[in-house]
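Colleague: coords below, sequence missing:
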């Protein structure tokens, strides 16, 4: 045994949600590893990746919050993006090599008119430089090998799309979109609609579901903060569930719910729509017990918070 080996630093059991403002150039997984190390957390996960070239909101889950990270994977996202008209690249963003250069003859009015066609339900062909898999291999591996494989168009929804700055050939826009939307592809498609092509030069995520950058923190700020101050940046576990209606149970119903028992809706004061997902609390202690679904006249537990059992 090497007597000079450093002793292992004990990890903490920590429950909560960190709204991280991810820096440019760092992968989501690297950001997670750094945050986990800063907090000395035993268990952590993220709620969907953000490209290294993108900055902005990356919610990280610690402890019991990891059980609910899937709910944010399904949530709508909001981005501010800048596209450069006139140049199409191999990757759809500034990392790629220029494929084609065309003259930019459109004006701001034409850009606004083009964006009308991309609001609402649209179809997108996923880019080759993406993590989607074909035969167990990510598409970007095929792309790096110079291969192009056929991809099926996917349905996505653009809830909002607006120009916020126009300094041609660069156009900055804000988009709120459904899960699975590629903003790179959106920029490319808008460029094709304008007849000049485009690629993405900047991307910043400003919202995930009901969560925003307003209460986000950078890794540098966390690193510089005193250890006893860092936990102040953690949001409660139910920050991930703020869009779900709340149900409050009495002591007996709370006990049965934590045992995984289904409860009759007639025993619960709140009126719930069928198949509606809800966050469930103990009325006496105001503790989050978990998530349930109202189905066929019963409240059926889906995921439970262990510490509340």
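Modeller: All right, it came through fine. Quick caveat: nothing in here was measured; it's all calculated off a predicted structure. Residues are numbered from 1 along each chain as shown.

Colleague: where does the chain have low pLDDT?
Modeller: Low-confidence segments of the chain, defined by pLDDT under 70, are located at 1-7, 129-131, 267-275, 307-309.

Colleague: Outline the domain layout of it.
Modeller: The record, using automatic domain parsing to delimit domains, assigns the chain the ranges 16-75+211-239, 77-208, 244-308.

Colleague: Redo these as a markdown table? Include mean neighbour count and distance to residue 10.
Modeller: The way it works is simple: take the backbone N, C-alpha and C, and place the C-beta from them, glycine included. Formatted as a markdown table, the entries for the domains of the chain read as follows, by neighbours: other C-beta atoms under 10 Å; distance: least, C-beta to C-beta, whole Å:
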| stretch | mean neighbour count | distance to residue 10 |
| --- | --- | --- |
| domain 16-75+211-239 | 18 | 7 |
| domain 77-208 | 16 | 31 |
| domain 244-308 | 16 | 19 |
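
Colleague: With distance to residue 9 as added columns, please give these in a markdown table.
Modeller: Putting these into a markdown table (distance: least, C-beta to C-beta, whole Å) gives the following:
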| stretch | distance to residue 9 |
| --- | --- |
| domain 16-75+211-239 | 6 |
| domain 77-208 | 31 |
| domain 244-308 | 23 |
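
Colleague: Which of the ones you listed sits closest to residue 8?
Modeller: The minimum distance between residue 8 and the domains of the chain falls on domain 16-75+211-239, with 10.9 Å, by C-beta to C-beta.

Colleague: And the strands in the stretch 1-150 of the chain?
Modeller: Using DSSP state E, counting those that start in this stretch, the strands of the stretch 1-150 of the chain run over 16-22, 44-46, 54-62, 77-85, 87-89, 98-101, 120-124, 133-134, 137-138.

Colleague: what's the angle from the third one to strand 16-22?
Modeller: Which is strand 54-62. Using axes from the mean of the first three to the mean of the last three C-alpha atoms, to 10 degrees, the inter-axis angle of strand 54-62 relative to strand 16-22 is 160 degrees.

Colleague: again, but for the fourth one
Modeller: Strand 77-85 runs at 10 degrees relative to strand 16-22, counting by the same axes, to 10 degrees.

Colleague: Let me see the residues that make contact with strand 77-85.
Modeller: Contacts made with strand 77-85 from outside it, assessed by C-beta atoms under 8 Å, 6 or more residues apart in numbering, are listed as 54, 56, 94, 104, 106, 164-165, 168-177, 179, 181, 183, 187, 190-191, 194, 196-208.
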